[in-house]
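[1] Sequence and predicted structure, then a few things I'm wondering about:
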Amino acid sequence: MIRLRDYEPLLNELSVPGRRGYYLPECDVPGKAEDYLPSEALRKEDAPLPELSEVDVVRHFSRLSDLNYCIETGIYPLGSCTMKYNPKINEYAASLPEFANLHPMVPVSAAQGALELMYKLQKYLAEITGMDAVTLQPAAGAHGEYTGLAIIAAYHRSRGDHDRVEVLVPDSAHGTNPASAAVAGLKVIEIPSDSRGLVDLEGLKAALGPRTAALMLTNPNTLGLFESDIVEIARLVHEAGGLLYYDGANLNGTMGVCRPGDMGFDVVHLNLHKTFSTPHGGGGPGSGPVGVKKHLEPFLPVPVVALSESGEYYLDYDRPQSIGRVRTFYGNFGVCVKAYAYIRRLGPEGLKRVCEYAVLHANYIWARLREHYRFRYDRICKHECVAMPTKEMMDNDVHTKDIAKRLMDYGYHAPTIYFPLIVPEALMIEPTETETLQELDGFCDALIAIKKEALENPQVVKDAPHNTPVRRLDDVAAAKNPILNWRKLGNL
Amino acid sequence: MIRLRDYEPLLNELSVPGRRGYYLPECDVPGKAEDYLPSEALRKEDAPLPELSEVDVVRHFSRLSDLNYCIETGIYPLGSCTMKYNPKINEYAASLPEFANLHPMVPVSAAQGALELMYKLQKYLAEITGMDAVTLQPAAGAHGEYTGLAIIAAYHRSRGDHDRVEVLVPDSAHGTNPASAAVAGLKVIEIPSDSRGLVDLEGLKAALGPRTAALMLTNPNTLGLFESDIVEIARLVHEAGGLLYYDGANLNGTMGVCRPGDMGFDVVHLNLHKTFSTPHGGGGPGSGPVGVKKHLEPFLPVPVVALSESGEYYLDYDRPQSIGRVRTFYGNFGVCVKAYAYIRRLGPEGLKRVCEYAVLHANYIWARLREHYRFRYDRICKHECVAMPTKEMMDNDVHTKDIAKRLMDYGYHAPTIYFPLIVPEALMIEPTETETLQELDGFCDALIAIKKEALENPQVVKDAPHNTPVRRLDDVAAAKNPILNWRKLGNL
Amino acid sequence: MPYIPTTPEETRRMLSVIGVEKIEDLFADIPEEIRLKRPMDLPKPMSEAEVKRHMEELANKNKVLINFIGAGAYERLIPTIVPYILSRWEIYSAYTPYQPEVSQGTLQMIFEFQSLMCELTGMEVATASHYDGATAAAEAALMSCADTRKHKVLVSRAVHPQYRDVIRTYATGQRIEIVEIPIKDGRTDLAELEKLLAAKDVAGVILQNPNFLGQIESMAEAVQLAHKAGALGIAVFDPISLGVLAPPGEYDADIAVGEGQSLGLPLSYGGPYLGIVTSKERLVRRLPGRLIGATRDVDGKRGFVMTLATREQHIRREKATSNICTNEALCATAATIYLAALGKEGLKEVARQCVLKSHYAYEKLTSIPGVTPVFTGPFFCEFALKTDKLTPKEGYKGLADKGFAAALDLTPYYPEYEGAMLFAVTEARTKAEIDALAAAMGGLLA
Amino acid sequence: MPYIPTTPEETRRMLSVIGVEKIEDLFADIPEEIRLKRPMDLPKPMSEAEVKRHMEELANKNKVLINFIGAGAYERLIPTIVPYILSRWEIYSAYTPYQPEVSQGTLQMIFEFQSLMCELTGMEVATASHYDGATAAAEAALMSCADTRKHKVLVSRAVHPQYRDVIRTYATGQRIEIVEIPIKDGRTDLAELEKLLAAKDVAGVILQNPNFLGQIESMAEAVQLAHKAGALGIAVFDPISLGVLAPPGEYDADIAVGEGQSLGLPLSYGGPYLGIVTSKERLVRRLPGRLIGATRDVDGKRGFVMTLATREQHIRREKATSNICTNEALCATAATIYLAALGKEGLKEVARQCVLKSHYAYEKLTSIPGVTPVFTGPFFCEFALKTDKLTPKEGYKGLADKGFAAALDLTPYYPEYEGAMLFAVTEARTKAEIDALAAAMGGLLA
Ligand SMILES: Cc1ncc(COP(=O)(O)O)c(C=O)c1O
Ligand SMILES: Cc1ncc(COP(=O)(O)O)c(C=O)c1O
C-alpha cells in the first residue's frame, strides 16, 4: 500500500493496556486453572506482552511489510541465493487444509496423501540429482550439509576408518560448508582456486590423503563457473578414499543438463528454497533434502518414507546404521509440498529449461556489463557471474558497497557483495530464469549509470541510498553495544 | 512492498509478443474450433490483448496496489462512506470453496447452506432495521434505492394511486437519492434544511400532497445529525398518503439504538459494504438489501429465499405482485456471506457497540476540532461531523481541497469534501468505530497543524500533496479531451 | 471489544474531551419513543473460531456437483494469481478513488479494464463497470431511448430470460415499451425483427450472442436492420466467446454489454458479478456510471482520474445518466488480471476449448439413443437437448443425484420448447467428466 | 514457457549480445561424458489447473481426524489474521535482509520476535530463530560445552524422545557425552540428577517443562542443582504453557529453548516449525544463528540491522558458533503476529483453557471403568493413561477408526511404561469433542 508515514513504532510502543486482538471462545468446561497447578510452578506476573486490537495488528504488519523489497518488487539478483519467482499455485497447494492441519503423529493410514507426496518427492529429487536415495528431513541447506557430512563420518566410522576427519573445502566455498564440517566434528582443509577460478588440482592433490573424509564442492561454484575437471577431481578424491559432497545450492545452473550423481558425487544436498522455487520467507524456512548413493543409504536419518508391498506408504524407522535424527518429525513438509508442485508443473523439459534460461540470463548480464565492470574470470558462466568495480571507480573511493546502495535509488535490489571471498569487492549477480529481459536491461542500465556517476559525481554514489525508508545504518554501533530487544532501546 | 520505482507502465506497454501468463491444460478432445462455427461468425483478427508472463502480471498489479491508500494504511475518514476495518474472517468465509464455486442454477437441494445463510441474513437485517421482509438482490446502495422506489411506485399503482409520482428529497441528501428516483420514473421535489441542519418541517408540509409518492430520508442525515422530528415527519408523510424511504447508508450511527422501522419508515436499504464491514473493493462490489414493511412485501423482487414447511430452503418465484427482477440471480451473495459472518461474530450487543463507538469517535473529532475549524451545526453528532475551514484560512486562499491534499502529506486520507452540498467547503469526517484513539488524535493533530500552516505558510498547503506518487492531477484537461483507453494516449 | 480498539480508559478520556458523562448522552437527541428498549433479537455473539467453524458447516451443507450448467454463469479455470492478487487489501479494501493522488493503483487498474474491454469488443469506450450483465443491458436500453428520444426497445426472446426481466423492470419506471422479437429454431427471427422495425419508432434492438439457448446469432444482419430503421444496435456478448467470435465492434454495434463473470470471477452463487458496458465514442456522454481518464499531474507526470463526472449523480443528481455509484470495481480488476494472465493466445485457447469440449459433449450425448438436439444451428458452448423418456425435471434431479449439475429445464422460460434441457461445457470440464456425464445420462435413460 | 518470461525472439537477441549461437553453447564447459543425454525420468508437465486438481486429490488422501495428540506439535486456534498477514508476499518472498535499507520490515519483525521471546521467557536475549525445538535443544547443549569447556551434558529421560535423538546426533560429531537422567513417576528424578552432577564434569543439564509425558517439573530445583555443580541449567519450554507457568527467567535458567509451532503455525505434518533459543546476556556471543539489533541511520533515524555477525559462518566460517544460515524467519514472524494478536490476556487465556480442557478430559477418560492414569503429578495439557483391556496400538487404531487421533503409544519410547497412551487437549478442542472422545474410548472398552 502507499507509504505515507515513514516510521512504524514497535509493537510495545503501540500497546495500550486493555486492548485485545483475538478472543477465544468462552471456556466450555468449568474450573480455575490455578487449582490444578502447584503454586510454585505458576508464573508470578503475567508475561508483559503488548496489547493491541485486531486492526492495530493488521496495520502494523502491513506497514512493516511495505518496508521490504521482495521478489514481486523486481529483480532480486543476490548471487548464490537463486531468488526466483515463487508460483502462487505452490502456496495454494501448501495451504490446503488437509495438508496444513495434518498432525505429524496421526496414524500413517490417515496421512497417505502426505506420505505419497514425500515418497515421490524423494524419488524425483533422486532422479534430478542422479542419486539413489533421498531424505527430506533437513530444514535448510546448511542443515543438509551437516546431515550429509554426518553420514560421511558415519560411513567412515562404520568401515573403521576413524582417521578420516578432514574435509577439503575450496576457498571459494560458501561459509556454511566449513561451518557444517566443524559442527559435524570434522576438520576443515582449505583448497586454493587456480587462475581459472576452479579447484587447483595440484592443491587438491597435496591435500588428499588417508585423513581425507570428503571434498565439499559447489558446482557450478560460487563464481558461477563449472568445475570442468570434475571427473578428474572425483577420481582423485575417491582414489584417496574420500567421498565427494555436492553443495546443491547452485543446482539452478546445471539442472537437467548434468547431474551430481553422474559427476561422481556421493552426497548432495539441495536447497528447495532456491532451485525449487519455494519462497525464502525473509530468512527461512527452507528445506535441504540430502541425496546419497547406494553405499550411504543405510546412514540416512530416520525415519525414511517408504512404500510397503501392499501399497501403503509408511515411515521406516528400522535402520540400525542411521545417523539418527537431525530434527523432529519428517522435515519442512510445507516447503516440500511447494517443491513437489513445482516439479509436477514443469516436468523434465521444464526443469531443464529453468537451467538453460537461468544460464542465458546470467551470461546476458555478463555480456552487457563486461565493458563497464571488471570480471576477474571473464568467460561464459553458468547461472551467475561475479563483477568488480573498475580501478577508476575505486580511485574515486567508490566501492562495491556504494554501488549496492546506489542501485536501490534506481529501484533495484543489490547483488550479493563481498562474496565469494576470493574476489575482492565482488558483486555476485544471479538473475534467475524468471526475470524479464526488460528487468535485466533496467538492472544493467542502472549499473552502467552508476559507473558513470562514480566517475563524474562519486559523492552521490557514496551517500546512497537517498530514497529508502532508512538510509545507511550504523552497523558498528549496533555490534559494539548490541540492542537486541526493545527493553534495551533507551532513547533510540 | 517498498516502492522504489514511482512509475508503473500500462499493461499494453509491458506486453511482449509471445509471452504467456497462463497455460490451459492441453485440450483432451479432438477437433478444430473453426470447423464448428460459420466463418462469418468468426472474428477476423485476434483480440489484441497484451501478452505478459505470470511474473509480469503479479509484479504489475503488486506495484499498482502499492499506489493505493486502503483501510489497512490508516484512518479513511470519508464521510458517508463508513470505511471500517474489514475483518479477515469474513474474507475467509466468502472464499470457502463450497460457497465460491457454487453455481447459481444448481438444484436448491445442492445449495441448502447458501440458502440458509441468505434466509437468515434476511431475517437478521429485518430485525436490525425493524422491517418485516428483506430482499438481498440489489447490488449496491443506489440499486437498493431504485428497488425500494420501484416497490413504492408499484404499491401506489396497485392501489390505483397513479398520480403519486413525486419523491421528496432533502437538499442534504446523497446524490443517488434523486438519481434513483429519476431512474424509477419518479419526480424529485427538493426539501430545504432548516437552521438546525434538519428537514424543514414547514418546507416538508408545503411539498406534501396527493402527488406525494414518498419522502426519502437519511437518518442520521449526511450532516451526521439525527432527524429528531422523525416521528412527526413520518406522521405528516403518512397522513398525506406517502410512504417513507430510509437511506440506510448511515445505519452505523443508529444501529441497535433505534430502528428505521420503529421511526415509521416503510422501506429501507442498507449498504452491507458500509455498516456491515464488507470491503469496498476500490469502488465495489457492494450489496444493498432492501427491507420493507408487511404491506410492501408482495412487491419485493423475485425470487425471495423462503423456508418450506418441510424445512427446506427454496427460491420463491410465485409472487404475482413483484416488481420483477432488478438483476440476475439472487444478489451479491459473496458480499452477503461477509455481512452474515460479521453479524454472527458481533451479536446484538456487539452491533450496538459498533454504533456507540462510531458515534463516540465522531464526537471526539468534533470536540477536538471545534476550536480550530468551523462547524455550521456545532453540536453533538452521530457517526460523522462536518467541518469547514475558518474565514482566516479562506482569506489566505486555502480551501477545503487544499486541506484534503495536505492531509496526505501528513499520512492521512482526506475526509469527503464539498459534500453535503448545503455546507460550503464541507469537510465531512466519519471515523468509524474501528479507529484507535491514537489514529484519531494523529488525524486531528494533522488538521490542526494544517490550519497553522494555512495561516503562516499557505503555499505549502496549496501546493500539496508533495510526497505522493503523483501530485495534483489536471481534471479539467481529463474532462475536456477524455482519454478513456490506452489507444488514445498519444504521447501521454 | 471485537473490531473496536477503544479501551474503557480511553472511552472515559474521550467522553471528557467531548464534555459528556457517558456514551448514552451522545444519543440524547433520539426521541425516547423510538428508542429500542431491548437488545436486538439476533443470535448471541460467537468468537472468531466459532464463526469459522459455523461458516465451514454452512458451506458444507452445499453439495459439490460437477457443473454442466451455464445459463449466464460459467465455471472456468481461473489462474491462481487472480484470487491471490485480489486478496491484497491494497486492492480490495480501498474506497472509490476519490483522492487520485493516493489511489493511482485503483485508477490505473480500471483504466486498464476500460482499455481491455475496448480491445476485446472492438468498441471505442467502456465504463468502469456495472452491477451485472442484466443491469448493463437495461442501462443500454435506457441509453438508446435517451439517444434516439424514442420509447420502444426490441429485445430478442433469445436473450437471457433474467436479462429480459430486468430490462422490463427498468423499463416500467421509465415508461419504455419493451417488445420481444420472436425466435425461430433457437435464433432471433430476423424477418420478424424487420417487421417490428417498420414503424421506425424503435430506440434500440437487443440481441445476445451466443444467445441464451447457446446458438450463434446473425449479429451483423440484425444491427444493419436496426440501423436502417434509425435504432441503435445493442449486443449482449459473452466475453469469452470473443476469443473466436466476431466482436461487436466488427459488426458495428452501437452499444455492447456483457456479463464479465467469466473473466476470472468465482461463481459465488450468482454474485458479485460484473456488468460490462461499451459503446461508440459518440455516446460517451450518455454512458451510465464511472469513467477513468488519463491526464497529467502538476509535474507533467501521467496519472489517472475519475472523469466526465458531470454525467453522474454526485453532480447532476436527478439529471444524471443513471443512479449507479458503487459499482463492481474489484470484479473489473479481477477481469483485468484474468485477461492480463491469459493474454491474446490464452483467451483464444479458452474459447476454442469451449467450442471443442461442448461439441464433444454434444456428440456424446446425442449419440445416446433417445436423446435429440432441440436446435440445429451452430453453437458456442451451450446446447439444448430433449428426450421422450425423461422430463427435464427428472433429468435435472436424476443427474444431480449422480453428482452432476446439468440439464437445466427450459420449460419455465420457453414453454414453446417444452422438454428442452440446456447443457453448457466450458474449458473447465475434462473429457473424463464429459464421458461420465454421458454415462450417467445413459443410465437414466436405460 | 511456464515461469520463464523470455520469448524465442528475446532469446535470440540475448544470444547475439552474448555472442553465441544457441543456448547449448553456454554449456560447452561441461564435459561430454557427464552430460545427461536423456530427459530426466520425471512425470510429464501438468498445466496449473492440473497441478491444482492433483494437489487437491493428494491432500484428500489424508484423513481428517479430531486431534488429541500433542507430543511436541499442537493443534491450536490460530487467529485468521496470522495466515492472512503471512500471505503478503512482502513478508514471505523476501530474502534474508542483507540490505537493511530495503528490508526494515523483516528486520523490525524479527527484532520484535526477539523482544517477545524475552518477554515471554524472562530471558535476556533471544535469537532470530532456529530450525525447530529439537535442533534448538542440541544447539543449547553445544553452547553449554563451549561455555564451560566440559564435554558432558545431562538430558532428562522425560525430554521429548526426538529431541534426545537430535541432541545425540549432534553430540556424536562433537564428541560430547550425553547421559540420561532417569525419571520417577513421570518426572525427572532430581536425586539421581544430583548424583550425576557430583563429579562436576557436566556442562549442561537439560529438562523439559512440561515434560514429554505432560508432567510439570521442578525446574527451579533442577537449575539450582546444575548451578551448584558448575553446569548450565537448560530449559526446554512450551511457549503456550508460559501463559501460566513460571518462565525460565524466573527460575534462573541459563539457556531456554523451545518449539514455537504453537505460536500460530499450522501443524503441516511436522514442519516448518520454529526453534526458539534464548539465554542470559552473558552468553550472547556464544549464541548460534542470527541476531537483529537496533541502531541509527546517517540521519539519526532508528533502524534495524543483522548484528554480531562475527559469530556466524559468513565471517568466521569453520570457527562460527554454528552453521545455521537460512533459519525460520517466516515462522518467527508468524509467532510475532500470533503473540501480538493474543496479547497479555489472550496468551493467559489460551494456557488456562489448555489446563481446564485437558483436566476435564482427564476426569472424563479416567472415569471410564478400566482406564487409569499412569502418573500422579500435576500436568499442563498432556497426560498418560492406560487400561488392561486394550493395548495402545489397539487404542490408537480403534480411535482413529472412530475419527480421533489420540492415544499415542508410549511403549517404543518408554518400554518401562508399557501400555501407556499419551493424550493432549488444547484450547482448540470443545467439550463436545472431548465427550465424544470419551464415548468412543468407552465404546472400545465395552
Ligand atoms: C552455496 C551455498 N551453500 C549453502 C548455503 C546454505 O543454505 P541455507 O541458507 O539454506 O542453510 C547457501 C545459502 O545461501 C549457499 O549459497
Ligand atoms: C448516504 C448515501 N446514500 C446512498 C449511497 C449509495 O450507495 P452505493 O454507492 O452503494 O450505491 C451512498 C454511498 O456513498 C451514501 O453515502
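    Noted; the coordinates are in hand. Ligands and ions are numbered 1, 2, ... in the order given.

[2] From now on I want contacts and neighbour counts done on CA atoms only, so please keep to that.
    Will do.

[3] Mind listing the strands the helix or strand C:I206 falls within pairs with, and their directions?
    When secondary structure is defined using DSSP states H and E, the element that contains C:I206 is strand C:204-209. In the sheet, strand C:204-209 lines up against strand C:152-156 (parallel), strand C:232-237 (parallel) (DSSP bridges).

[4] So which of those strands is nearest ligand 2?
    In terms of Cα to the nearest ligand atom, the element of those nearest to ligand 2 is strand C:232-237, at 23.8 Å.

[5] State the number of residues packed around the closest residue to A:E116 other than its chain neighbours.
    Of all residues not flanking A:E116 in the chain, A:Y313 sits nearest, at 6.3 Å (Cα to Cα, 6 or more residues apart in numbering or on different chains). Taking other Cα atoms under 10 Å in any protein chain shown as the criterion, the count of residues near A:Y313 is 22.

[6] A:Y313 reaches A:L115, doesn't it?
    Yes - at 5.9 Å, A:Y313 and A:L115 qualify as touching, with contact defined as Cα atoms under 8 Å.

[7] Need the residues touching each of those two.
    Residues touching both A:Y313 and A:L115 by Cα atoms under 8 Å, 6 or more residues apart in numbering or on different chains: A:V108, A:V305.

[8] so A:V305 makes contact with A:Y317?
    No - checked against Cα under 8 Å, the pair A:V305 and A:Y317 is beyond contact range at 9.1 Å.

[9] For the two, indicate the residue with more neighbours.
    Neighbours were counted for A:V305 and for A:Y317 using other Cα under 10 Å; A:V305 has more, 22 against 14.

[10] close to chain A, is stretch C:333-344?
    No - Stretch C:333-344 lies apart from chain A when judged by Cα under 8 Å from any Cα of the partner chain; the minimum separation is 12.9 Å.

[11] so does that stretch get close to chain D?
    No - if you take Cα under 8 Å from any Cα as the test, stretch C:333-344 misses chain D, and the best it gets is 11.7 Å.

[12] contacts for that stretch?
    Counting contacts by Cα under 8 Å, 6+ apart, the residues outside stretch C:333-344 that touch it are B:11, B:20-23, B:46-54, B:57, B:61, C:78-79, C:82-83, C:86, C:109-110, C:112-113, C:116, C:260-261, C:263-265, C:347.

[13] Out of those residues, which sit inside helices?
    If you go by DSSP state H, the contacts of stretch C:333-344 have B:11, B:54, B:57, B:61, C:82-83, C:86, C:109-110, C:112-113, C:116, C:347 in helices.

[14] Run a quick neighbour tally on C:T127.
    By other Cα under 10 Å, 25 other residues sit near C:T127.

[15] about what we covered before: please indicate which of the contacts of stretch C:333-344 are buried?
    With neighbours counted by 16 or more other Cα atoms under 10 Å in any protein chain shown, the contacts of stretch C:333-344 contain buried members at B:11, B:20-23, B:46-47, B:49-54, B:57, B:61, C:78-79, C:82-83, C:86, C:109-110, C:112-113, C:116, C:260-261, C:263-265, C:347.

[16] Of the contacts of stretch C:333-344, which ones also sit close to chain D?
    B:R20, B:G21, B:Y22, B:Y23, B:L52, B:S53, B:E54, C:P79.

[17] Perfect, I'm done here.
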